[in-house]
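>>> Sequence and computational prediction follow.
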2 protein chains.
Amino acid sequence: MSLKALSSKDAASLDKDLMETGGFSLDQLMELAGLSVSQAVYRIHPPSAGKNILVICGPGNNGGDGLVAARHLAHFGYNPTIYYPKEGKNELYQRLKTQLRNLSIPILNDTHDLPEAIKTSHLLVDAIFGFSFGGPLRDPFPEIISQMEAATIPVLSVDAPSSWDIESGPPRDGPGAKFMPEALISLTAPKPCVKFYRGRHFVGGRFLTRGIAEKYGLDVPDYQEVDQVLEVGVDAEGRL
Amino acid sequence: MSLKALSSKDAASLDKDLMETGGFSLDQLMELAGLSVSQAVYRIHPPSAGKNILVICGPGNNGGDGLVAARHLAHFGYNPTIYYPKEGKNELYQRLKTQLRNLSIPILNDTHDLPEAIKTSHLLVDAIFGFSFGGPLRDPFPEIISQMEAATIPVLSVDAPSSWDIESGPPRDGPGAKFMPEALISLTAPKPCVKFYRGRHFVGGRFLTRGIAEKYGLDVPDYQEVDQVLEVGVDAEGRL
């Protein structure tokens, strides 16, 4: 199937539309996005393959999606751990943290804890930066990206491989230049940098209406049954 | 499996706990509850069995769960119609309505439209009253309950068969006295009136933590894989 890509600017505008004219709250959208992420984890790495999932969360909404995903992963029978080095200010993130604490999910924030957390995990969820990432990486993220890049466990990136430019893909050098996650889940629609991506690719966020899809020239993904996630391929032109 | 029941008073207290100490917003809880309802519909009546689903929504949170369910049903490929005779005041319900309008889902509110809406539907979702129902039925609900009771299409009730007392079950006479929906989805935990219920029984709302379950003497349902709904049985004592 072919899914059109959505620029960073249009992704921001689409989110605004969903909330202003679409009637959605950030709570709702993040809940459904995070649920999609957790279902993608289940597809690529069921609990029988190893239950320790490290979710690295950034300070914005991409990190929020990761916090929601971790909660669902715990309900699915995984043992998630959060690494949240730089917390966002939004009160929603604080509530999502409370929900995780009530499930006894560890929330780490010290850079020194990261190597051991990666070492004891079976899969890493990269929920650091999403479609609004404009670079450059600021501390402590260069070091975190480098560790994620060097990790030997599979990585699922949320919306975009963190450190990649949303339009032009991987950085030429430095942290992230060789970062190619095993799996990627695009939320709502793929971002342009997906043309540099090779690996398993999913789309999630089953709330796109035909009206909004038409406005942005997107396709409504062909989700199956009650799934909140769809695996899509990449064609020869890098189109999905 | 055996699932313990939750009284009306405890259900209200548990919801309060989820929001006050649990960090959940009503948006989040309703999103997950409504998603569970839509998945129960899919289990008992996949789109191949008929796509026209009539969702009758009451003025409170039970109705809100129905509004969310209808949105997911549209994404699953159904043609839902809402019958919403008495709208709730909460701004969340207005936003949920906006979301439905953007999916071109009809929202009816005239009692005269109900017979035709039932006649052209394949399944009815009863999202009129939930655990906070204390009776008696006020207009226009006696007539609506009577029509639902007389309907020949299958009915899925959300949390409790509407008109039933949450503790003591069906009314002795009048509208609802002979109401026995084909299916019931209990949210978070069954309510005491479930002991009067015979039919397919599901539980949904996959957000219950062990801590809250212990506080209220409940069991965490044994949900499978990424399912947001679990079908449960009823034993000889009416326990689940």
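Perfect, I can see it now.

>>> So the residue nearest to A:L14 when sequence neighbours are not counted versus B:I145, what's the distance?
Ranked by CB to CB, 6 or more residues apart in numbering or on different chains and with sequence neighbours excluded, the top spatial neighbour of A:L14 is A:Y216, at 5.7 Å. Every residue, glycine included, has its C-beta placed from N, CA and C. According to CB to CB, to the nearest Å, A:Y216 and B:I145 sit 44 Å apart.

>>> again, but for A:R138
A:R138 is 60 Å from B:I145, where distance means CB to CB.

>>> The two: which has the busier surroundings?
Using other CB atoms under 10 Å in any protein chain shown, the more surrounded residue of A:R138 and B:I145 is B:I145, with 25 against 8.

>>> Now do the same contact list for the more buried one.
Neighbour list for B:I145: B:I128, B:L137, B:S162, B:S163, B:P175, B:G176, B:F179 [criterion: CB atoms under 8 Å, 6 or more residues apart in numbering or on different chains].

>>> How many residues are close by the third one?
Yep, that's B:S162 we're talking about. B:S162 has 27 neighbours, counted by other CB under 10 Å.

>>> Is it in a helix, a strand, or coil?
Reduced to three states with DSSP: H, G, I helix; E, B strand; the rest coil, the structure at B:S162 is coil.

>>> Spatially, what comes nearest to it if we skip its sequence neighbours?
B:I128 (3.8 Å).

>>> if we can go back for a sec, contacting residues around the residue nearest to A:L14?
Counting by CB under 8 Å, 6+ apart, A:Y216 makes contact with A:L6, A:D10, A:S13, A:L14, A:A189.

>>> Would it be right to say that A:A117 lies in a helix?
Yes: under three-state DSSP, A:A117 falls within a helix.

>>> doesn't A:D110 make contact with it?
No: using CB atoms under 8 Å, A:A117 is not in contact with A:D110, being 9.9 Å away.

>>> Tell me which of these two has more neighbours.
Ranked by neighbour count (other CB under 10 Å), A:A117 and A:D110 place A:A117 first, with 19 against 10.

>>> Provide a list of residues in contact with the more buried one.
A:A117 makes contact with A:L54, A:T81, A:Y83, A:L108, according to CB under 8 Å, 6+ apart.

>>> What's the separation between the residue nearest to B:S162 and B:S186?
For B:I128, the distance to B:S186 - CB to CB - is 16 Å.

>>> With A:P171 instead?
51 Å.

>>> likewise A:F133?
43 Å.

>>> Please identify the helix or strand for A:E231.
A:E231 is part of strand A:229-232, with elements assigned from DSSP states H and E.

>>> same deal with A:D17?
Going by DSSP H and E, A:D17 is part of helix A:8-20.

>>> Could you give the bridge partners of the residue most central in space within chain A?
The residue lying closest to the centre of chain A (CA atoms, centre = their mean) is A:V158, at 1.6 Å. Beta bridges link A:V158 to A:I185 when assigned by DSSP bridges.

>>> That one contacts A:L124, doesn't it?
No: counting by CB under 8 Å, A:V158 does not reach A:L124; the two are 11.2 Å apart.

>>> re the thing from before, counting neighbours, go ahead and name the busier of A:P171 and B:S186.
Using other CB under 10 Å as the criterion, A:P171 and B:S186 rank with B:S186 on top: 28 against 18.

>>> Tell me how far the more buried one lies from B:G64.
Counting by CB to CB, the gap from B:S186 to B:G64 is 17 Å.

>>> can you list the residues of chain A near chain B?
Contact residues, chain A versus chain B (CB under 8 Å from any CB of the partner chain): A:21-25, A:27-28, A:31-32, A:35, A:38-39, A:42, A:71-72, A:75-76, A:92, A:94-99, A:102-103, A:206-207, A:209, A:211-212, A:223, A:225-226.

>>> how about the spatially closest residue to A:T111 that is not a sequence neighbour, what does it touch?
Nearest residue to A:T111, sequence neighbours excluded (CB to CB, 6+ apart): A:P140, at 5.2 Å. By CB under 8 Å, 6+ apart, the contact set of A:P140 is A:P85, A:K86, A:T111.

>>> Would you reformat these as TSV and include neighbour count and secondary structure?
Shown next, in TSV, are the contacts of A:P140 (neighbours: other CB atoms under 10 Å in any protein chain shown; DSSP: H, G, I helix; E, B strand; the rest coil):
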residue	neighbour count	secondary structure
A:P85	21	coil
A:K86	16	coil
A:T111	14	helix
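
>>> what residues are up against the residue nearest to A:D110 when sequence neighbours are not counted?
Excluding the flanking residues, the one nearest A:D110 by CB to CB, 6+ apart is A:P85, at 7.9 Å. Taking CB under 8 Å, 6+ apart, we find A:P85 in contact with A:N109, A:D110, A:T111, A:P140, A:F141, A:I144.

>>> so how far is chain B from A:P85?
Counting by CB to the nearest CB, to the nearest Å, the gap from A:P85 to chain B is 21 Å.

>>> What's the first helix or strand after the helix or strand in which A:Q39 is found?
Per DSSP H and E, A:Q39 falls inside helix A:26-44. Next along the chain after helix A:26-44, taking DSSP H and E as the criterion, comes strand A:52-57.

>>> any chance of the contacts of A:P85 in TSV, plus secondary structure and pLDDT?
As requested, the contacts of A:P85 are arranged in TSV below (DSSP: H, G, I helix; E, B strand; the rest coil; pLDDT from 0 to 100):
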residue	secondary structure	pLDDT
A:N109	coil	96
A:D110	coil	94
A:T111	helix	90
A:P140	coil	96
A:F141	helix	97
A:I144	helix	98
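
>>> Make TSV out of those and add distance to A:V194.
Shown next, in TSV, are the contacts of A:P85 (distance: CB to CB, whole Å):
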residue	distance to A:V194
A:N109	30
A:D110	33
A:T111	30
A:P140	27
A:F141	21
A:I144	22
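
>>> between those residues, which is nearest chain B?
Of all these, chain B sits closest to A:N109, with 18.2 Å by CB to the nearest CB.

>>> who's in contact with the closest one?
Shown in contact with A:N109 (CB under 8 Å, 6+ apart): A:Y83, A:Y84, A:P85, A:E87.

>>> Any chance of a ChimeraX selection covering the buried ones in those?
Buried residues within the contacts of A:N109, by 16 or more other CB atoms under 10 Å in any protein chain shown, are selected in ChimeraX with:
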select /A:83,84,85
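
>>> Might you list the low-confidence residue ranges for chain A?
Across chain A, the ranges flagged by pLDDT under 70 are A:1-2, A:234-240.

>>> try 50 this time
Along chain A, the parts satisfying pLDDT under 50 run over A:236, A:238, A:240.
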